[in-house]
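Asks: fold the following, please.
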Amino acid sequence: MKSIIPVNRSAAKLVFLPHPHSIRKYLQLLAGSLLCILMFILMACNPEEWSIVDCSECYLDEPSEAEINVKLTVNELNPFVEINIYSGRIEEEIVLLTDTARRETWSTILPLNEYYTVTATYRSVSQTLNYNIVTAIDGGFVRTRRILTRCDNTCWVIRGNSFNVRLKY
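Replies: Below is the predicted model of the structure:
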């Protein structure tokens, strides 16, 4: 036979109703989550619109080529550095340009909206006082982006035109 246990109202409130502070925390968490999701959606539409753009550096027409900048290590052991520019990834072995740099920055003009790989060849001293050859590699897309809302006119900016092939000790 089943027995019925009477429950008074205060016990029912403790059992079935959450505490008001818990509800407030839940609503704050929900509002924060919705805000994060909204920001993610807005930024995913055009992330360049949310970055800092200097309108004085904009191109009114989409450029077809850009200057790429390469950062190098020039020191006593390496007074000059051999640079190779590859079209695509280095595994494709399509060398566009080979040059020797004598300063810590080097630049050239290349077509846009393509992937490039940059290598720099250095000498390094080993423990046996022999020279080892070390190659630094960096790669990426050099592309244009159109910015619509930050400047008065349509603005084209260049992204990915800086490569870092410095030695890291």
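
Asks: would you map the strands across the protein?
Replies: Using DSSP state E, the strands assigned to the chain run over residues 65-71, 81-87, 95-101, 105-111, 114-125, 131-147, 155-159, 162-164.

Asks: of all these, which lies closest to Glu57?
Replies: Closest to Glu57 of these, according to Cβ to Cβ: strand 155-159, at 7.0 Å. Just so you know, the C-beta spots here come from the backbone N, C-alpha and C atoms, and that holds for glycine as well.

Asks: tell me which residues touch the nearest residue to Ala101 once chain neighbours are set aside, please.
Replies: What sits nearest to Ala101 in space, not counting adjacent residues and going by Cβ to Cβ, 6 or more residues apart in numbering, is Val81, at 5.0 Å. Each residue near Val81 by Cβ atoms under 8 Å, 6 or more residues apart in numbering is listed here: 72-74, 100-102, 120-122.

Asks: using a markdown table, lay out the strands of the chain together with distance to Ser56 and mean pLDDT.
Replies: Supplementary listing: those in a markdown table, determined by distance: least, Cβ to Cβ, whole Å; pLDDT from 0 to 100:
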| stretch | distance to Ser56 | mean pLDDT |
| --- | --- | --- |
| strand 65-71 | 17 | 96 |
| strand 81-87 | 29 | 97 |
| strand 95-101 | 29 | 96 |
| strand 105-111 | 20 | 96 |
| strand 114-125 | 26 | 94 |
| strand 131-147 | 13 | 91 |
| strand 155-159 | 10 | 89 |
| strand 162-164 | 19 | 97 |
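
Asks: can you say which of those is nearest to Tyr26?
Replies: Using Cβ to Cβ as the criterion, the shortest distance between Tyr26 and the strands of the chain is 39.4 Å, found for strand 131-147.

Asks: what angle sits between the closest one and strand 81-87?
Replies: Here strand 131-147 runs at 50 degrees with respect to strand 81-87, directions being taken by axes from the mean of the first three to the mean of the last three Cα atoms, to 10 degrees.

Asks: okay, now Val157: neighbour count?
Replies: A count of nearby residues for Val157, using other Cβ atoms under 10 Å, gives 20.

Asks: next one: it relative to Leu148, how far apart?
Replies: Relative to Leu148, Val157 is positioned 12 Å away (Cβ to Cβ, to the nearest Å).

Asks: returning to what we had before: ok, the contacts of Val81 vs Val165, which is closest?
Replies: When the contacts of Val81 are compared for distance to Val165, the smallest value, 3.9 Å, is given by Ala120; criterion: Cβ to Cβ.
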